[in-house]
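In: Predicted model, plus sequence, below.
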Amino acid sequence: MRRIILFPLAALAVLAALSPGAAEITSAERQAGLKVIRFLDKIETDALLKKKAMPGRMDFTEDEFNAYIACRIDAEKDPVMKELKLKLFDRNRIEGKIFIDLRGHKIPAVLKSTMNLYFEGVFATDRDRIRLDFHKLYLDGQRIPILVLDVIIYVAAKLGKADAGSIHDWYDLPPGVKDLKTTAGGVSVYF
């Protein structure tokens, strides 16, 4: 089972990358992202040290969660994804936009060198694992079959020298994190 790179973006994890020259993260975004990173680091450390912690929950706003994603993309330094933004709704429903830049890479003719992917779906969690069940996928505004994302993930994985995944794969949540639930404009992390 693969460890998720961009918690909790499941099949999108292999796209976690930043092309050179992407926009800088603002100071406010970095501060908001660090709030989430510090929390996850503490939960992971406690889990690795087998500290007995009381079960708990930590809530983050949509802006904080998106800032966390931006910080993780910035830290990964892989050459594919420039941006990922999520809109969070009740009952783990999400919508998102991914900007992918494949310029300068040898790619299949069916893919464009830059793409805006829009998606709708629902996070599913099960025994400390997560995946994203996609309901709709759009490429530059045109609806496309969801399986096309598997092709994009495969290409991105090969460019980043990672294992190719599938949109149907389950991914481990970070150590210590037991579940997550989205609300309108936020996410709750259970530990």
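Out: Here it is on my side, so go on.
In: Verify the contact between Gly185 and Glu62 for me.
Out: Yes - in this structure, Gly185 is within contact of Glu62 by CB atoms under 8 Å, at 4.8 Å. Where C-beta positions appear, they are placed from N, C-alpha and C, glycine not excepted.
In: Scan the chain for its longest strand.
Out: strand 114-126 (DSSP state E).
In: residues in contact with that strand?
Out: With contacts defined as CB atoms under 8 Å, 6 or more residues apart in numbering, strand 114-126 is touched by 8, 10, 91-103, 130-141, 149, 152, 170, 173, 179-180, 182.
In: just checking, which of those belong to strands?
Out: Cross-referencing the contacts of strand 114-126 against strands under DSSP E gives 93-101, 130-139, 179-180, 182.
In: Just the buried ones from the residues you listed?
Out: Buried members of these, scored by 16 or more other CB atoms under 10 Å, are 94, 96, 98, 100-101, 130-132, 134, 137, 139, 179-180, 182.
In: Tell me which two in those are the farthest apart.
Out: Spatial extent of these (CB to CB) is set by the pair Asp101 and Asp179 at 33.4 Å.
In: And for Tyr138, nearest residue in space, chain neighbours not counted?
Out: Tyr118 (4.2 Å; CB to CB, 6 or more residues apart in numbering).
In: If that neighbour is in a bridge, with which residues?
Out: Lys97, Tyr138 (DSSP bridges).
In: Roughly how far does it sit from Glu95?
Out: Here Tyr118 is placed at a distance of 7 Å from Glu95 (CB to CB, to the nearest Å).
In: Now for Asp172, how many residues are close by?
Out: Neighbour count of Asp172, defined by other CB atoms under 10 Å: 16.
In: these two touch, right, it and Arg131?
Out: No - counting by CB under 8 Å, Asp172 stays clear of Arg131, with 10.8 Å between them.
In: Give the residues shared as contacts by those two.
Out: The contact lists of Asp172 and Arg131 share no entry, where a contact means CB under 8 Å, 6+ apart.
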